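**Student:** Whatever this is, show me its structure:
(one chain, ligands or ions: 2)
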Amino acid sequence: METTLTGNTFKNFINNEWVESHSQKTIKSINPANKEEVVGYVQSSTEEDLNHAVEAAHHAKKAWRKAGQVARGQYLYKVADILEENLDDIAETMTREMGKTLPEAKGETARGVAILRYYAGEGMRKDGDVIPSSDKDALMFTKRTPLGVVGVITPWNFPVAIPIWKIAPALVYGNTIVFKPATEGAVTAAKVIECFTKAGLPEGVLNFVTGSGSVIGQSLIDHEKLDAITFTGSETVGKNVAKSAAARGIKFQLEMGGKNPVIVADDADIDSAVAAVISGGLRSTGQKCTASSRVIVQDGVYDYFKAKLVDAVQNITVGDGLQEGIWMGPCASESQFNTVKGYIEKGKAEGASLLYGGEQLTDEEHANGFYMTPAVFEEVTSDMAIAREEIFGPVIALIKASSLEEAIEVANDTKYGLSASIFTTNINALLEFVDDIEAGLVRVNAESAGVELHAPFGGMKASSSGSREQGEAAKEFFTEIKTVFIKGS
Ligand SMILES: NC(=O)C1=CN([C@@H]2O[C@H](COP(=O)(O)OP(=O)(O)OC[C@H]3O[C@@H](n4cnc5c(N)ncnc54)[C@H](OP(=O)(O)O)[C@@H]3O)[C@@H](O)[C@H]2O)C=CC1
Ligand SMILES: O=C(O)CCC(=O)C(=O)O
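**Tutor:** Residues are numbered from 1 along each chain as shown. Ligands and ions are numbered 1, 2, ... in the order given. Purely as a prediction, here's the structure:
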């Protein structure tokens, strides 16, 4: 990739220029597979940098709104092509920066390309409806209008897909942006932003500022010229984002944690259920908000399912995600590794039984990385921390249930409600599940993770702020509706 960015130091992008922070300081991003390796340096930005970015977005908003939806969509087609040309480099950077395996990183980057093309197409779709007026001589219609300057705060676990599924709809519907990525994924994010910049967006339309969440993130939300904020990350930070945004009366959208259940009924296809729990629970080292973390198994198949699951988990290869043959990479950071380790200890202390894994790998090949073997607990009860709190790591908790009703009750016994899945061949059971489960994503004979870019994405209860992202749902957040009534004089 051409270096509008210098070497492995990545700058902020403000008003169409790559600029250093006023702090003259950078933050080091390291490889979780090998902590000795520096992936790059990003700017440790100040409030002053952030203010420049918001001012730039504010000045650009009128012209961008007036550019029209069709023209805005055309930019996104260009970005998609540029991202596709740079897919290998960006995917490799993602693997080196946050640890997911290269095939997963390539898949995610390709998904970013597809999301861009989907929203590019939105450029040519309707932006309002004609509604018959009770006055026969009048014309009444709705017209969608952008919110203005939108703040985008994203996590590190999908450093390409999540920023794109927020930025692409925000842009096509006419908003300008200040984007603050997770520090842990900021080098990858800078490379994604470079694809946008190469498409020739007008000055100030897309601004990129890296730095500490508590400084840059909070100042962004509190900025008087910010018109809306979209956030994905932890529940703790999300709640604070909501409080600050509500205090200022701006629109906000939050996607936060999950404690996603998978029910395995007595009549399930056990091989499919095992494969789905492994993929849903352990892909990306369990670091997905949609990850399967509680597996509620009916007692008729419990022992058979458990034996097959443990057998399959034992075969998982853990290592550097850039290497062929590695199925699961390291935890994304030392702090994430310590969090997971803490939950393994808590699980044991609270009386759950560790069937397999949960061990730090310290041999020569793994000594420099944040590697943990995938863990499977049994005898887990709903009151234990490992059954209640989002771990965001490779930990599966098995819970036994004696009936479908009990399984659904246990599944719903959580403050979260993002994704839930059931494995059954009984139509009545699946219909009951679809009806009774408290989750935004309801999956039958499919893993709890896995998101379709053109379908609404989001959760119930503490998982989201009630709104949905992606597909057509994005339009609801990134626009407001004007109802226009016109009568000739
Ligand atoms: N739902 C999901 O998809 C995700 C859930 N999580 C959950 O959160 C836990 C912790 O992960 P973590 O990365 O620390 O998540 P955070 O919620 O801390 O980070 C998410 C984003 O918010 C930013 N941020 C941090 N503090 C503030 C603040 N006060 N105001 C505004 N923005 C802020 C972060 O910046 P910075 O990186 O600079 O701190 C990052 O860009 C995980 O273990 C997991 O349970 C995490 C990631 C994704
Ligand atoms: O399951 C997925 O593909 C997306 C999950 C997600 O959005 C997240 O973990 O933040």
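
**Student:** what's the domain layout of the chain?
**Tutor:** Following automatic domain parsing, one gets these domains for the chain: 5-256+464-487, 260-452.

**Student:** would TSV of the ones you listed with distance to residue 458 and mean pLDDT be doable?
**Tutor:** Quick note: C-beta positions are derived from backbone N, CA and C, even for glycine. Shown next, in TSV, are the domains of the chain (distance: least, C-beta to C-beta, whole Å; pLDDT from 0 to 100):
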stretch	distance to residue 458	mean pLDDT
domain 5-256+464-487	4	97
domain 260-452	5	98
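
**Student:** can you tell which of those is closest to ligand 1?
**Tutor:** Each of the domains of the chain has some distance to ligand 1 by C-beta to the nearest ligand atom; the shortest is domain 5-256+464-487, at 2.2 Å.

**Student:** can you give me how far the closest one is from the chain middle?
**Tutor:** With C-alpha atoms, centre = their mean, to the nearest Å as the basis, domain 5-256+464-487 stands 13 Å off its chain's centre.

**Student:** possible to save the domains of the chain as CSV with mean neighbour count and distance to ligand 1?
**Tutor:** Shown next, in CSV, are the domains of the chain (neighbours: other C-beta atoms under 10 Å; distance: least, C-beta to the nearest ligand atom, whole Å):
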stretch, mean neighbour count, distance to ligand 1
domain 5-256+464-487, 20, 2
domain 260-452, 20, 3
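
**Student:** Which other helices and strands does the helix or strand where residue 281 lies contact?
**Tutor:** Applying DSSP states H and E as the criterion places residue 281 in helix 270-282. Applying 3 or more C-beta pairs under 8 Å, 6 or more residues apart in numbering; DSSP states H and E, we find helix 270-282 packed against strand 260-264, strand 292-298, helix 302-314, strand 395-401, strand 419-423.

**Student:** returning to that earlier point: so for ligand 2, which of the domains of the chain sits nearest?
**Tutor:** Closest approach to ligand 2 among these is made by domain 260-452 (3.6 Å; C-beta to the nearest ligand atom).

**Student:** I'd like the helices and strands packed on helix 270-282 written out as JSON lines, with distance to ligand 2 added.
**Tutor:** Formatted as JSON lines, the helices and strands packed on helix 270-282 follow (distance: least, C-beta to the nearest ligand atom, whole Å):
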{"stretch": "strand 260-264", "distance to ligand 2": "10"}
{"stretch": "strand 292-298", "distance to ligand 2": "10"}
{"stretch": "helix 302-314", "distance to ligand 2": "20"}
{"stretch": "strand 395-401", "distance to ligand 2": "15"}
{"stretch": "strand 419-423", "distance to ligand 2": "8"}
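
**Student:** Distance to residue 463 added to these, as TSV?
**Tutor:** As requested, the helices and strands packed on helix 270-282 are arranged in TSV below (distance: least, C-beta to C-beta, whole Å):
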stretch	distance to residue 463
strand 260-264	9
strand 292-298	13
helix 302-314	25
strand 395-401	18
strand 419-423	9
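
**Student:** From residue 124, how far off is the residue nearest the centre of the chain?
**Tutor:** Centroid check for the chain by C-alpha atoms, centre = their mean gives residue 162 as the closest residue, at 4.7 Å. From residue 162 across to residue 124, the span is 25 Å (C-beta to C-beta, to the nearest Å).

**Student:** What are the phi and psi values at the nearest residue to residue 488 once chain neighbours are set aside?
**Tutor:** Counting by C-beta to C-beta, 6 or more residues apart in numbering, residue 488 lies nearest to residue 137, which is 6.8 Å off, once chain neighbours are set aside. Backbone torsions for residue 137, taken as degrees, to the nearest 10, come to phi -100, psi 0.

**Student:** right, and residue 137 touches residue 485 too?
**Tutor:** No: here residue 137 does not reach residue 485: they are 11.2 Å apart, not a contact under C-beta atoms under 8 Å.

**Student:** Tell me the spacing between residue 57 and residue 393.
**Tutor:** Using C-beta to C-beta, we find residue 57 at a distance of 36 Å from residue 393.

**Student:** do residue 479 as well
**Tutor:** Distance, residue 479 to residue 393, using C-beta to C-beta: 37 Å.

**Student:** So is the helix or strand where residue 246 lies next to ligand 2?
**Tutor:** Assigned by DSSP H and E, residue 246 belongs to helix 235-248. No: Helix 235-248 lies out of reach of ligand 2 by C-beta under 6 Å from any ligand atom, never closer than 11.8 Å.

**Student:** What is the very next helix or strand once past that helix packed up against?
**Tutor:** For helix 235-248, the following helix or strand on the C-terminal side (DSSP H and E) is strand 251-255. When contacts are defined as 3+ C-beta pairs under 8 Å, 6+ apart, strand 251-255 packs onto strand 228-232, helix 235-248.

**Student:** does any part of strand 251-255 sit near ligand 2?
**Tutor:** No: Strand 251-255 does not reach ligand 2 (C-beta under 6 Å from any ligand atom); its nearest approach is 6.6 Å.

**Student:** Can you give the contact residues for that strand?
**Tutor:** With C-beta atoms under 8 Å, 6 or more residues apart in numbering as the test, strand 251-255 has contacts from 147, 227-232, 238, 241-242, 245-246, 289, 457-459, 463-465, 467, 469, 477.

**Student:** I'd assumed residue 200 was in contact with residue 16.
**Tutor:** No: using C-beta under 8 Å, residue 16 is not in contact with residue 200; the gap is 9.3 Å.

**Student:** pretty sure residue 53 is touching residue 16, no?
**Tutor:** No: contact criterion C-beta under 8 Å: residue 53 and residue 16 do not qualify, at 11.6 Å.

**Student:** How about the residue lying closest to residue 232 once chain neighbours are set aside: which residues does it bridge to?
**Tutor:** Once flanking residues are discounted, residue 232 sits nearest to residue 255: 4.3 Å by C-beta to C-beta, 6+ apart. According to DSSP bridges, the residues that bridge with residue 255 are residue 232, residue 464.
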